[in-house]
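In: Sequence first, predicted model second:
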Amino acid sequence: MFREKPKMGINNETCDNMEEIKFRYIIKIINSKHYKKGEVHIRYYTLDDIEAGQPYNQEYDEHEIKVIARDIYSNVKTEKKQEIYENDIVVVDTTDLQTKRLQTRFTAIVKFSYGFFHVEKSIYTPIYNIYDIRSYITIIGNTHQNPEMITHVKK
């Protein structure tokens, strides 16, 4: 499939530094000769991969699978270069750089709403844009593989 690069600026220059749209697929094996029943796999695909023919169908052609979730990549990485996806469970740990004292520490879920990715501790706490706090984030899991961690977030 042919797609033009977006036109930018007055001279209609193309945008070469645009991030690819990526997704994290959580796939559960229902019935297979090669994989254990109930096994959960994580696969990463670009939008181009998906438009070219849903790659998980090619990989799992002869297996019965269930797509549990599709989480979109935020185009933001932690200081440790981990890609942050929607529904990641993260620890936000802010420290005063001068005194080296802990200021704030909480566990939260990465969500996309209001037009941006943010961390959400509960519905009663402030919303923090993940781009602004990316250097304070550590990914500790995701809501699909670690549902037991969600109870720690929503307290």
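Out: Now that the structure is in, tell me what you want to look at.
In: For this structure, which strand extends over the most residues?
Out: strand 64-77 (DSSP state E).
In: Mind listing the strands that strand pairs with, and their directions?
Out: Using DSSP bridges, the strands paired with strand 64-77 are strand 22-31 (antiparallel), strand 83-85 (antiparallel).
In: Next, the angle from the helix or strand containing Ile139 to strand 22-31.
Out: Element membership for Ile139 (DSSP states H and E) is strand 137-142. Inter-element angle recorded for strand 137-142 and strand 22-31: 20 degrees (by axes from the mean of the first three to the mean of the last three C-alpha atoms, to 10 degrees).
In: residues making contact with the longest strand of the chain?
Out: Identification of contacts with strand 64-77 by C-beta atoms under 8 Å, 6 or more residues apart in numbering yields 19, 21-32, 40, 56, 83-88, 110, 112, 117, 130-131, 134, 142, 144. Every C-beta, even on glycine, is put in place using the N, C-alpha and C of the backbone.
In: Pick out the shakiest of the strands paired with strand 64-77, pLDDT-wise.
Out: Comparing mean pLDDT across the strands paired with strand 64-77, the lowest value falls on strand 22-31: a mean of 92.
In: helix/strand/coil for the nearest residue to Ile130 once chain neighbours are set aside?
Out: Of all residues not flanking Ile130 in the chain, Phe117 sits nearest, at 4.8 Å (C-beta to C-beta, 6 or more residues apart in numbering). Three-state assignment for Phe117 (DSSP: H, G, I helix; E, B strand; the rest coil): strand.
In: hang on, isn't Phe117 packed against Val110?
Out: Yes - contact criterion C-beta atoms under 8 Å: Phe117 and Val110 qualify, at 6.1 Å.
In: Now the common contact residues for those two.
Out: Common neighbours of Phe117 and Val110 (C-beta under 8 Å, 6+ apart) are 74, 84, 86, 130.
In: ok, of these, which come out buried?
Out: 74, 84, 86, 130 (16 or more other C-beta atoms under 10 Å).
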